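Below: sequence and its predicted model.
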Amino acid sequence: MDADRGALKFPGYTLADLSEGKTIYDGHCNKCHAYKLPQSRDEAAWDNIIPKMAKKSKLDSLQESLVLKYVVTMSQSQPK
């Protein structure tokens, strides 16, 4: 399960956190450019991309964290 994989990296990470991160990602991260699949980048790339994009999207620190944890968690899954 995706949330379980995320919890291995981010202790206390829940399915609700994963869902919220996905909702924010889906709602904000395709307004200025084409939607990128989380699997299209590795963790190091997302660590560099998300802070820059969060600032441009005016996400607060909690939203930024949820999106980063979502894309890092999902970058380790197989594309569907």
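Structure's in. What do you need?

The protein: helices as residue ranges?
Ranges of helices in the chain, per DSSP state H, are 2-9, 15-28, 43-57, 61-75.

Highest mean neighbour count out of those helices?
Highest mean neighbour count among these (mean count of other CB atoms under 10 Å): helix 61-75, with a mean of 20. To be clear about C-beta, it is placed using only N, CA and C from the backbone, and glycine gets the same treatment.

Point out the other helices and strands that that helix packs with.
Here helix 61-75 touches helix 2-9, helix 15-28, helix 43-57, going by 3 or more CB pairs under 8 Å, 6 or more residues apart in numbering; DSSP states H and E.

Go ahead and confirm K36 touches C29.
Yes. Using CB atoms under 8 Å, K36 is in contact with C29, at 7.2 Å.

So between the two, which is more surrounded?
Taking other CB atoms under 10 Å, K36 and C29 do not tie; C29 has more neighbours (21 against 16).
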